[in-house]
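Enquirer: build me a model from this:
(chains A and B)
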2 protein chains.
Amino acid sequence: MTLVSPPDWLKHPVKGIILDIYGVILNSSDNGASLIEGSLQAVEKLKYTSIPIRFCTNESQVPLHKVVELLLSLKLPVQPDEVFSPVPVVLKYIEANQLRPYLVVHDNVRDSFKHIDQSNPNCVVMADAHTSFSYEALNKAFNILLEHPKLITMGYGKYYKSKDRLNLDVGAYSKLLEYACGNVKPTIIGKPSSEYFLTAVNDMNIKPEECLMIGDDIMGDINGAQNSGLRGIQVRTGKYRTCTDEPHAIVTPDSYVDNLLQAVDTILKYHS
Amino acid sequence: MTLVSPPDWLKHPVKGIILDIYGVILNSSDNGASLIEGSLQAVEKLKYTSIPIRFCTNESQVPLHKVVELLLSLKLPVQPDEVFSPVPVVLKYIEANQLRPYLVVHDNVRDSFKHIDQSNPNCVVMADAHTSFSYEALNKAFNILLEHPKLITMGYGKYYKSKDRLNLDVGAYSKLLEYACGNVKPTIIGKPSSEYFLTAVNDMNIKPEECLMIGDDIMGDINGAQNSGLRGIQVRTGKYRTCTDEPHAIVTPDSYVDNLLQAVDTILKYHS
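Expert: All right, here's what the predicted structure looks like:
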């Protein structure tokens, strides 16, 4: 039992935690990824508790198994079924709705779709496509959407950090197509969609209000989590930018923390 | 004197006409351009009257003199100083404001900027860049805009027609950057900016309400003209699309016409 009363964001019990991966646990770069200082220790500390954790990324440049392999290669104690990424969910959605997608995706994930009929497309599936966000691909997507206004995006991030610069992400490219088409509203698979957060929450057999989301994207992670009934904890790592994110024009995180380790240490301090 | 009373859009005298070029006079294709049926005859008919005309394009893939050369090569009776395109106006603007642009433009127009200091950019200039709308260029523009939120676009079209498909235009790419940056409002040089329309109107020494704009882009041409006090006549050629443009959700042109020749024949029928 602690003598000091917990901060507001820990007054309600924490029975599960969702961690964003890039910007919270890892920094990404064009050459791979590296651990953010203290993040390995933070995950290990959590694993020693009874608090279940899930790793929820919007990473769509690689298939899910590659994300898991990367985490394991960096000695992070994760189980494959604790990791969620949009690609498998999109595949299920496409099959359930009998869609024939035109893919604006990174070459790394094309193979995941090779069993899907892509002839005569009746929808567009867009991910963080990197250099596959080409003029030609976007024009083709645009012309398809004019006939079939069905756009599926893996997440809706504006940008993410890679090395020392920010890269435009799928949400910004979606906005381009939405504006040009006029009548397209994307189906977002990934954060900030509530379905995505609640899939992970349900997987832990807890209620949304018992769950913390720790992320670096104030819209995709924090706002999305709060809109789904979770608490959202903003780290000052990854794509976090002082000038726009603290304070933010529309989102008030339940707390700001310097990094994941600080969040975990604070949580554990008050965890009974 | 005519016995039949003129349609509403001709009840006010017409003392000058602004013609859009692509989609009204010419169809563009990757291999060049061709005359739209009746458009040469229409321009010739106008030239026989006392009504001054100006050709206002948002064409930013080539310098102004190339636009003039193209029109002359197709035997259109134009004077070079009757043709307006955004490139010379942008150059004046950059010089007057001592800006150092990062250019997201078609390779064809880079030479027009070669005398301008482009080191350590403090603004982004974006035109219809065609394949120069690359992932790399857009990321670079985005990172510059985060530090220097000054974006100058040549026009603001959503898309334009080339051969049988529609190509995304500078307005859609601007929207991508505006959304990602959050605090960027573009300075639009070209249609639909009122300054651009009024430059042509003033050049004819007439008042806005005495001027007709004939165009195929219901937002850039028609809405822009009407917001500047001109009448806007929508042709059913070029990028016009029945399903979205007639009727249009927010714009009511002063008239729809099948093509430029029909517009000119109607104007001349009631012109005294």
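Enquirer: could you pull up phi and psi at A:Ile18?
Expert: Taking degrees, to the nearest 10, you get phi -110, psi 130 for the backbone angles of A:Ile18.
Enquirer: in the sheet, who's paired with it?
Expert: For A:Ile18, the beta-bridge assignment (DSSP bridges) gives partners A:Arg54, A:Met213.
Enquirer: show me what contacts it?
Expert: By C-beta atoms under 8 Å, 6 or more residues apart in numbering or on different chains, A:Ile18 lies in contact with A:53-56, A:197, A:200-201, A:211-214, A:225, A:230. For the C-beta atoms, the positions are set from N, CA and C on the backbone; glycine is no exception.
Enquirer: just the pLDDT for it.
Expert: You'll see A:Ile18 listed with a pLDDT of 98.
Enquirer: check A:Ser85 too.
Expert: Looking at A:Ser85, its pLDDT stands at 95.
Enquirer: quick check: residues of chain A near chain B?
Expert: A:130-136, A:138-139, A:142-143, A:146, A:158-159, A:165-168, A:171-173, A:175-177, A:179-180, A:182, A:244, A:249 (C-beta under 8 Å from any C-beta of the partner chain).
Enquirer: keep only those of those that are in strands.
Expert: Counting by DSSP state E, the residues of chain A next to chain B place A:159, A:165-168 in strands.
Enquirer: could you dump the residues you listed into CSV and include neighbour count and pLDDT?
Expert: Below are those laid out as CSV (neighbours: other C-beta atoms under 10 Å in any protein chain shown; pLDDT from 0 to 100):
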residue, neighbour count, pLDDT
A:Tyr159, 22, 92
A:Arg165, 12, 85
A:Leu166, 18, 91
A:Asn167, 24, 94
A:Leu168, 24, 97
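Enquirer: which of these sit farthest apart?
Expert: Within those, A:Arg165 and A:Leu168 form the most distant pair, 10.5 Å apart (C-beta to C-beta).
Enquirer: which neighbours do these two have in common?
Expert: Residues touching both A:Arg165 and A:Leu168 (C-beta under 8 Å, 6+ apart): B:Asn139.
Enquirer: which residues touch A:Asp111?
Expert: By C-beta under 8 Å, 6+ apart, the contact list for A:Asp111 reads A:Pro63.
Enquirer: that one belongs to a helix?
Expert: Yes. With DSSP: H, G, I helix; E, B strand; the rest coil as the criterion, A:Asp111 is located in a helix.
Enquirer: how close does it get to chain B?
Expert: According to C-beta to the nearest C-beta, to the nearest Å, A:Asp111 and chain B sit 21 Å apart.
Enquirer: picking that back up, any chance of TSV for the ones in strands among the residues of chain A next to chain B, columns distance to B:Thr237?
Expert: What follows is these, written out as TSV (distance: C-beta to C-beta, whole Å):
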residue	distance to B:Thr237
A:Tyr159	39
A:Arg165	43
A:Leu166	42
A:Asn167	40
A:Leu168	35
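Enquirer: now the strands for chain A?
Expert: In chain A, the strands defined using DSSP E lie at A:16-19, A:26-29, A:32-35, A:53-56, A:83-84, A:101-104, A:123-126, A:151-154, A:159-162, A:165-168, A:187-189, A:211-215, A:231-235, A:255-257.
Enquirer: so where's the stretch 1-150 of chain A uncertain?
Expert: For the stretch 1-150 of chain A, applying pLDDT under 70 flags the ranges A:1-3, A:30.
Enquirer: mind running it again at 90?
Expert: Residue ranges of the stretch 1-150 of chain A with pLDDT under 90: A:1-5, A:28-33, A:89.
Enquirer: and for the stretch 151-272 of chain A?
Expert: Residues of the stretch 151-272 of chain A that meet the criterion pLDDT under 90 lie in A:160-165, A:183, A:195, A:243-244, A:271-272.
Enquirer: mind running it again at 50?
Expert: Nowhere does the stretch 151-272 of chain A drop to pLDDT under 50.
Enquirer: so which residues of it form helices?
Expert: A:170-181, A:194-203, A:224-227, A:242-245, A:260-269 (DSSP state H, counting those that start in this stretch).
Enquirer: pick the most buried one from those.
Expert: helix A:170-181 (a mean of 24; mean count of other C-beta atoms under 10 Å in any protein chain shown).
Enquirer: surely A:Gly29 and A:Lys163 touch.
Expert: I think there's a mix-up here, since residue A:29 is Ser and not Gly. Yes. Counting by C-beta atoms under 8 Å, A:Lys163 is a contact partner of A:Ser29 at 4.6 Å.
Enquirer: so A:Ile233 makes contact with A:Leu212?
Expert: Yes. Using C-beta under 8 Å, A:Ile233 is in contact with A:Leu212, at 5.8 Å.
Enquirer: joint contacts of those two?
Expert: With contacts taken as C-beta under 8 Å, 6+ apart, the residues that reach both A:Ile233 and A:Leu212 are A:9, A:254.
Enquirer: when those two are compared, which one has more neighbours?
Expert: Neighbour comparison, A:Ile233 and A:Leu212: the larger count goes to A:Ile233, with 27 against 24 (by other C-beta atoms under 10 Å in any protein chain shown).
Enquirer: in contact with the more buried one, which residues?
Expert: A:9, A:212-215, A:222, A:253-257, A:263.
Enquirer: mind redoing it with 10 Å?
Expert: Counting by C-beta atoms under 10 Å, 6 or more residues apart in numbering or on different chains, A:Ile233 makes contact with A:9-10, A:17, A:19, A:24, A:212-215, A:221-222, A:225, A:253-257, A:260, A:262-263, A:266-267.
Enquirer: next: A:Gly155.
Expert: By C-beta under 10 Å, 6+ apart, the residues touching A:Gly155 are A:57-60, A:85-86, A:126-128, A:169-171, A:174, A:188-193, A:196, A:217, A:220, A:224.
Enquirer: A:Asn227 now?
Expert: Going by C-beta under 10 Å, 6+ apart, A:Asn227 touches A:192-194, A:197, A:251.
Enquirer: chain B: which of those is nearest?
Expert: Using C-beta to the nearest C-beta, A:Val251 is the member of the contacts of A:Asn227 that sits closest to chain B, with 12.2 Å.
Enquirer: please report how far that closest one lies from A:Lys150.
Expert: A:Val251 sits at a distance of 29 Å from A:Lys150 (criterion: C-beta to C-beta, to the nearest Å).
Enquirer: now distance to B:His65 too, for the strands of chain A, in JSON lines please.
Expert: What follows is those, written out as JSON lines (distance: least, C-beta to C-beta, whole Å):
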{"stretch": "strand A:16-19", "distance to B:His65": "58"}
{"stretch": "strand A:26-29", "distance to B:His65": "45"}
{"stretch": "strand A:32-35", "distance to B:His65": "49"}
{"stretch": "strand A:53-56", "distance to B:His65": "55"}
{"stretch": "strand A:83-84", "distance to B:His65": "57"}
{"stretch": "strand A:101-104", "distance to B:His65": "37"}
{"stretch": "strand A:123-126", "distance to B:His65": "39"}
{"stretch": "strand A:151-154", "distance to B:His65": "40"}
{"stretch": "strand A:159-162", "distance to B:His65": "39"}
{"stretch": "strand A:165-168", "distance to B:His65": "34"}
{"stretch": "strand A:187-189", "distance to B:His65": "47"}
{"stretch": "strand A:211-215", "distance to B:His65": "53"}
{"stretch": "strand A:231-235", "distance to B:His65": "53"}
{"stretch": "strand A:255-257", "distance to B:His65": "56"}
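Enquirer: among the ones you listed, which is nearest B:Leu35?
Expert: Nearest of the strands of chain A to B:Leu35, taken as C-beta to C-beta: strand A:101-104 at 33.8 Å.
Enquirer: for A:Ile233, which non-adjacent residue is closest in space?
Expert: Nearest residue to A:Ile233 in three dimensions, chain neighbours excluded: A:Ile214, at 4.6 Å (C-beta to C-beta, 6 or more residues apart in numbering or on different chains).
Enquirer: how about the contacts made by the one you found?
Expert: Going by C-beta under 10 Å, 6+ apart, A:Ile214 touches A:17-20, A:24-25, A:42, A:53, A:221-222, A:225, A:231-235, A:253, A:255, A:257, A:259-260, A:263-264, A:267.
Enquirer: I am finished for the moment; much appreciated.
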